[in-house]
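Enquirer: Generate a structure from the sequence data that follows.
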Amino acid sequence: MTGSTGRPPVAGGLERAGPRDPAEVLAEREAIQANLLELDGSFVKQMLEGAALTGQTRLRWAAAAASLAALWETYLAYSAVVDRIAALGAGGHRPSKREQAELTGLLTGGCVQLPDAPAGPARRDLVSAGRPPVTLMTAVAAMRRSFAEVTDVTSAVETVWAAVGPPLDAAAAELASSRALAAGLGPETEAALRDAEADLDAARAASNGDPLALIADGRVDTSAADRLQARAAELGARIAELSRLRSQARARIDALAAAAGAARADREDALAAWQRAAALVAMAPPRPPDVADPRSAGLAALAAGAQWSRLQAELDRCEAELAASAAQTQEVRRLAAAALARRDELRGLLGAYKAKAARLGASEDVAVSGRYDQARDLLWSAPCDLDAAQAAVSGYQQAILATERRR
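Expert: Numbers count the residues shown, from 1 in each chain. Modelled structure (predicted):
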């Protein structure tokens, strides 16, 4: 029921002005008839008549349906009077005095018999002749009130369906698309899809059975429908991902095995670099980490058993572990190269400071030359203590600067 739209009835279509002549009466009747037929054939009205309504919608529609029945009964009586007015006032003949008097009485006097309000036997008078006839204007006013009561309900229901229909329809479309992909993806996926479909059916039944219950403070509450749409979209993305995994499982397992092999070869290179650095520099970085075996056979067994959720979790875990160990391997290589570069930089600085000492004539200074020898011994020993060598080079520099200031 939700998700479709019908042409809404024209709530304000019943004329308000009182008739002044037969032509106006006929035009007014045509407008009333058109609006009543449009209301009677509207999608919302037909759906409400055929739906198993509950709650406040059932109560309000029961009252509105009774008003609509009374409205049609009033209209039939009213229309019969209008037909007589048309017969008396139509054509080119001049009405007789008797006809003119009848016509005037129909246009201005009580001539339409309104239906009696329902009453139980205890409230009905035995000799009651019913309600007295009313004027055309009074009949139109009564029909207008009944029309407004009915269209208040149909318009409110249509507003609800127009608000909750799109998210529910979007959820249904997403779940239908997911259903086509879900076969063979495992019991967990099937259960999640089945639960979402059941909740969607329940939401549709609630919005169709008692749509007016979704109106609060003059606004339609679409939160449940919106949550279902988001849930269906999330589930659809998950199912599509598992479907892609199913089609690409073998290639992804093979790619993981190849990446692990490349990572192991890279680790061997990094290990060789680490060993060279460890032999030359005392503060070498830690060894590169081992590369975990992705256990391709176990992954293939999960694929063969159609355990796609577990397979995806395992593949994601193995790929994450492999990426982490590869990053650590690269960091070890970088740190090893940085340690050797730092030693070479200190050697270069020591040579530059020695040249400066020679220019100052401080090379023969015992204190200065002693600091040079200390720094050189540290930098050319293996493994080299970089922190101690850094301190020795700085001490040699300070000794040269002190000599420069004295001179």
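
Enquirer: Please count neighbours and contacts with C-alpha atoms only from this point.
Expert: Will do.

Enquirer: Next secondary structure after the helix or strand where residue 334 lies?
Expert: Element membership of residue 334 [criterion: DSSP states H and E] is helix 308-360. Counting by DSSP H and E, the next helix or strand C-terminal to helix 308-360 is helix 366-379.

Enquirer: Could you tell me the average pLDDT over that following helix, please?
Expert: Along helix 366-379, the predicted confidence averages to a pLDDT of 85.

Enquirer: From the centroid of the protein, which residue is nearest?
Expert: Residue closest to the average C-alpha location in the chain (Cα atoms, centre = their mean): residue 230, at 3.8 Å.

Enquirer: if I look at the closest residue to that residue other than its chain neighbours, how far off is residue 137?
Expert: With Cα to Cα, 6 or more residues apart in numbering as the measure, residue 171 is the residue that lies nearest to residue 230, at 7.7 Å, once sequence neighbours are left out. Per Cα to Cα, to the nearest Å, residue 171 is found 50 Å from residue 137.

Enquirer: Between those two, point out the one with more neighbours.
Expert: Looking at residue 171 and residue 137 with other Cα atoms under 10 Å, you find the greater number of neighbours at residue 171, namely 25 against 20.

Enquirer: The more buried one contacts residue 233, doesn't it?
Expert: Yes - with contact defined as Cα atoms under 8 Å, residue 171 counts as touching residue 233 (7.1 Å).

Enquirer: And the next helix or strand past the longest helix belonging to the chain?
Expert: In the chain, ranked by residue count with DSSP state H as the criterion, the top helix is helix 223-280. Using DSSP H and E, the helix or strand that follows helix 223-280 in sequence is helix 296-304.

Enquirer: what's the neighbour count on residue 296?
Expert: Here the count is done by other Cα under 10 Å, and residue 296 has 15 residues near it.

Enquirer: dump the residue contacts of it.
Expert: Taking Cα atoms under 8 Å, 6 or more residues apart in numbering as the contact definition, residue 296 lies against 253, 254, 257.

Enquirer: isn't the first one right up against residue 302?
Expert: If I follow you right, that is residue 253. No - counting by Cα under 8 Å, residue 253 stays clear of residue 302, with 10.8 Å between them.

Enquirer: So residue 330 versus residue 294, what's the distance?
Expert: For residue 330, the distance to residue 294 under the criterion Cα to Cα works out to 20 Å.

Enquirer: who's more crowded, these two?
Expert: For residue 330 versus residue 294, neighbours defined as other Cα under 10 Å are more numerous around residue 294 (21 against 16).

Enquirer: now that one, nearest residue through space, not along the chain?
Expert: With Cα to Cα, 6+ apart, the residue lying closest to residue 294 is residue 318, at 5.8 Å.

Enquirer: Just to check, that neighbour is in contact with residue 298?
Expert: No - under the criterion of Cα under 8 Å, residue 318 makes no contact with residue 298, lying 11.8 Å away.

Enquirer: Give me the more crowded residue out of the two.
Expert: In this comparison of residue 318 against residue 298, neighbours counted by other Cα under 10 Å, the higher total goes to residue 318 at 19 against 12.

Enquirer: Look up how far residue 22 lies from that one.
Expert: Residue 318 is 89 Å from residue 22, by Cα to Cα.

Enquirer: now residue 321
Expert: From residue 321 across to residue 22, the span is 91 Å (Cα to Cα).

Enquirer: and those two? which has more neighbours close in?
Expert: Under the neighbour definition other Cα under 10 Å, residue 321 and residue 22 were set side by side, and residue 22 has more, 22 against 16.

Enquirer: The more buried one reaches residue 83, doesn't it?
Expert: No - taking contacts as Cα under 8 Å, residue 22 lies outside contact range of residue 83: 9.9 Å.

Enquirer: how far off helix 223-280 does the helix-or-strand element of the chain with minimal mean pLDDT point, in degrees?
Expert: Taking mean pLDDT, DSSP states H and E as the measure, helix 296-304 is the helix or strand of the chain with the lowest mean score, a mean of 77. Counting by axes from the mean of the first three to the mean of the last three Cα atoms, to 10 degrees, helix 296-304 points 170 degrees away from the direction of helix 223-280.

Enquirer: buried sites along helix 296-304?
Expert: Neighbour counts over helix 296-304 (16 or more other Cα atoms under 10 Å) mark 299, 300, 302, 303 as buried.

Enquirer: who are the neighbours in contact with residue 392?
Expert: Residue 392 makes contact with 371, 372, 374, 375, according to Cα under 8 Å, 6+ apart.

Enquirer: chain center to the strand or helix carrying residue 30: distance?
Expert: Element membership for residue 30 (DSSP H and E) is helix 22-41. Going by Cα atoms, centre = their mean, to the nearest Å, the spacing between the C-alpha centre of helix 22-41 and its chain's C-alpha centre is 45 Å.

Enquirer: avg pLDDT for it?
Expert: For helix 22-41, the mean pLDDT works out to 90.

Enquirer: and it, what does it pack onto?
Expert: Applying 3 or more Cα pairs under 8 Å, 6 or more residues apart in numbering; DSSP states H and E, we find helix 22-41 packed against helix 55-89.

Enquirer: Taking helix 22-41 as reference, get the angle to the helix it packs on.
Expert: Counting by the same axes, to 10 degrees, helix 55-89 lies at 150 degrees to helix 22-41.
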